[in-house]
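Visitor: Any chance you could fold what I've pasted below:
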Amino acid sequence: RAMELFMKEKVFSLHDTYHVYDMEGSEKYQIRSKPISITNQTSLYDMEGKELAHIHRKVISMHETHFIEIDGKEVTEVRTKLFHPIHQEIDAPEIGWQIRGNLWDHDFSVLDSAENVRATVHRKWISLGEGYQISIASDEDIVLVLALIVTLERILTDRKNESMTSSSNPSGNSGGADNG
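Guide: The predicted structure follows:
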């Protein structure tokens, strides 16, 4: 039986702590971020406060790259391809997994290298509020799948912040070298 979890809609806030529940409303995991961190340090904890996964961003990279560590060992990098408006995917090459679907609308699947669906995420309204229902095929994948979803949230939040920053700069000058 698939594990069903629920993550509330308001993911990254000023305090950067959010919660993952089972479908009965019991809190199962907490995700906490360091509020000001150039490498976007985020960790996943169980309800006893044990860190299950740690996610951080590579500061200088051609592609947007995050690292997922589980039990102190780097498990995979997560790399974005340039976002195509319709076909969107994110790679975790070391484990052969991909996130594919409509990432902005939180309607996507996590697939392994054999194209098996390891997890699905759908936007949903339940008694806990609006958020994302996460169906994970195997209990052993829970930490890794949640870490991938948190990484995706960080990427989407960064993209949203970047587009708001660039749209509030009417000159279009991104602060690069002055060719004049």
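Visitor: how about the residue nearest to R154 when sequence neighbours are not counted, secondary structure?
Guide: When the adjacent residues along the chain are set aside, R154 lies closest to N40, with 5.2 Å between them (CB to CB, 6 or more residues apart in numbering). To be clear about C-beta, it is placed using only N, CA and C from the backbone, and glycine gets the same treatment. Each residue gets one of three states, and N40 gets coil by DSSP: H, G, I helix; E, B strand; the rest coil.
Visitor: from memory N40 sits against H54, does it?
Guide: No. Counting by CB atoms under 8 Å, N40 does not reach H54; the two are 11.1 Å apart.
Visitor: Identify the residues contacting the residue nearest to D46 when sequence neighbours are not counted.
Guide: The shortest distance from D46 to any residue that is not its chain neighbour, by CB to CB, 6+ apart, is 5.8 Å, and that residue is L52. Residues counted as contacts of L52 (CB atoms under 8 Å, 6 or more residues apart in numbering) are Y29, S43, L44, Y45, D46, I70, V143.
Visitor: picking up where we left off before, mind checking which of N40 and H54 has more residues around it?
Guide: More neighbours surround N40 than the other of N40 and H54, with 20 against 17 (other CB atoms under 10 Å).
Visitor: For that one, give me its contacts.
Guide: The contact partners of N40, taken as CB under 8 Å, 6+ apart, are S33, I55, H56, R57, H66, R154, D158.
Visitor: out of those residues, which are inside strands?
Guide: Counting by DSSP state E, the members of those that fall within strands are S33, I55, H56, R57, H66.
Visitor: Could you check the pLDDT of the closest residue to the first one other than its chain neighbours?
Guide: Spatially, and ignoring its direct neighbours in sequence, S33 is nearest to D16 (3.6 Å; CB to CB, 6+ apart). At D16, the model reports a pLDDT of 70.
Visitor: Could you measure from D16 over to L52?
Guide: Using CB to CB, to the nearest Å, one obtains 17 Å as the distance from D16 to L52.
Visitor: So what's the residue count around the residue nearest to S33?
Guide: For D16, which is what you asked about, the neighbour count (other CB under 10 Å) is 18.
Visitor: start at 232 instead
Guide: All set: I'll call the first residue 232, so the last point we hit is now D247.
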